[in-house]
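Q: A structural model of the following input is requested.
(one chain, ligands or ions: 1)
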Amino acid sequence: MSDRRKFLRFSFLSSAAILAGKNLFARPAANPDTKYPVIKDQPIVISTWDFGKEANAAAWEVLGKGGRALDAVETGVKVPEADPNNQSVGLGGRPDRDGRVTLDACIMDENSKCGSVACLEHIVHAISVARLVMEKTPHVMIVGDGALQLALENGFKKENLLTAKSEAEWKAWLEKAKYEPVKNIENLHLGKGGKPGDHNNHDTIGMVAMDAKGSISGACTTSGMAYKIHGRVGDSPIIGAGLYVDNEVGAATSTGVGEEVIRIVGSHLVVELMRQGADPETACKKAVERIIARNPEAAKQIQVGFLALNKKGEYGAYALQKGFSYAVKSGKEEQVYESKFFYE
Ligand code: ASP
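A: Below is the predicted model:
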């Protein structure tokens, strides 16, 4: 058939389909199971780890008054960012192997708008710089000195993020540690003398929320893996890895060894599994199993946890190891839960 005849035939078929009420060019319909009815007036916020409880309370100040999920997640994660005693996020975060505190963060809204910063120094609220990237630039991701420059140009204050406690611990680490951040799982992924399940050397706050209008947004912010090579970026600022939001389906976020999450584009995977009909916990479990399938021996030595929320307001989590917790706040409950996990 000539190209012209093929074109004409295609045009004819398209017109016939449109006349019959079918649009061949429309996006394929999502699985009907994921076309959830939005439960109005039932906002909810969930976040990683037990310190998510205070962050959720701040987010609830926004959600409870009918505010937007995007404002809620930014407000929420700013709590651990400003807490000098939280050594895995923002001010007081553990430094890299050169003693520099470098932050990674991203944010995503109900319209798939997103912004991200990586390896940002001297600014407490990396999440707000990520929002600035989203709202005030045509870009998604700005890193290092460029991110700092953008923040300073927009009125953010330059601060020393290395607290005396984190500095003292880093100096103690320097005495014995080998400069092999990725291989040295014992010291760097789990903390000195750490066991699988411990999470004392790197955590992240990932938060997702649905507001009273049924709009979902998420935020994720961290100082990343302690004593990392300067410039190392984890999963947390990478849209699709550390965080993903699809307002038709739900949202997911992650914590743990970011390299493994990036390799499976974890949060996007969780959301896509929910789109196919999985409930949030099952979707998180399947993502964890994907990490194990890639490298079972390595997976035994590290921690990764996923947390997800669907459009019905259902939530769930799953982790490689014992010890991952998450916090939930809604009109009905305020709880910290222990996540289910793979390795008994
Ligand atoms: N996911 C973060 C990173 O790899 C750290 C963590 O959550 O513990 O940078």
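
Q: do you know how far D71 is from the ligand?
A: According to CB to the nearest ligand atom, to the nearest Å, D71 and the ligand sit 24 Å apart. C-beta here means a position set from N, CA and C on the backbone, and glycine is covered the same way.

Q: which element, helix or strand, includes that residue?
A: Taking DSSP states H and E as the criterion, D71 maps to helix 69-82.

Q: and that helix, C-alpha only, in PDB?
A: Extracted in PDB, the C-alpha atoms of helix 69-82 (Å, rounded to 0.1, in the frame of the first residue of the first chain):
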ATOM      1  CA  ALA A  69      -1.200  19.700  50.100                       C
ATOM      2  CA  LEU A  70       1.800  21.400  48.500                       C
ATOM      3  CA  ASP A  71       2.000  24.000  51.300                       C
ATOM      4  CA  ALA A  72       1.400  21.300  53.900                       C
ATOM      5  CA  VAL A  73       4.400  19.100  52.800                       C
ATOM      6  CA  GLU A  74       6.700  22.100  52.500                       C
ATOM      7  CA  THR A  75       5.700  23.300  56.000                       C
ATOM      8  CA  GLY A  76       5.900  19.800  57.400                       C
ATOM      9  CA  VAL A  77       9.400  18.900  56.300                       C
ATOM     10  CA  LYS A  78      10.800  22.200  57.400                       C
ATOM     11  CA  VAL A  79      10.400  21.000  61.000                       C
ATOM     12  CA  PRO A  80      13.200  18.300  60.900                       C
ATOM     13  CA  GLU A  81      15.200  20.600  58.500                       C
ATOM     14  CA  ALA A  82      15.400  23.200  61.300                       C
END
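
Q: buried residues in it, which are they?
A: 69-81 (16 or more other CB atoms under 10 Å).

Q: lowest-pLDDT helix or strand in this protein?
A: Within the chain, no helix or strand scores below helix 185-188, which has a mean of 36 by mean pLDDT, DSSP states H and E.

Q: could you pull out the helices for the stretch 101-250 of the chain?
A: For the stretch 101-250 of the chain, helices defined by DSSP state H, counting those that start in this stretch occupy the ranges 126-136, 144-153, 164-176, 185-188.

Q: among those helices, which is nearest the ligand?
A: Checking the helices of the stretch 101-250 of the chain against the ligand by CB to the nearest ligand atom gives helix 185-188 as the closest, at 10.7 Å.

Q: what's the closest non-adjacent residue to L150?
A: Leaving aside its sequence neighbours, L150 sits nearest to I142 (CB to CB, 6 or more residues apart in numbering; 5.8 Å).
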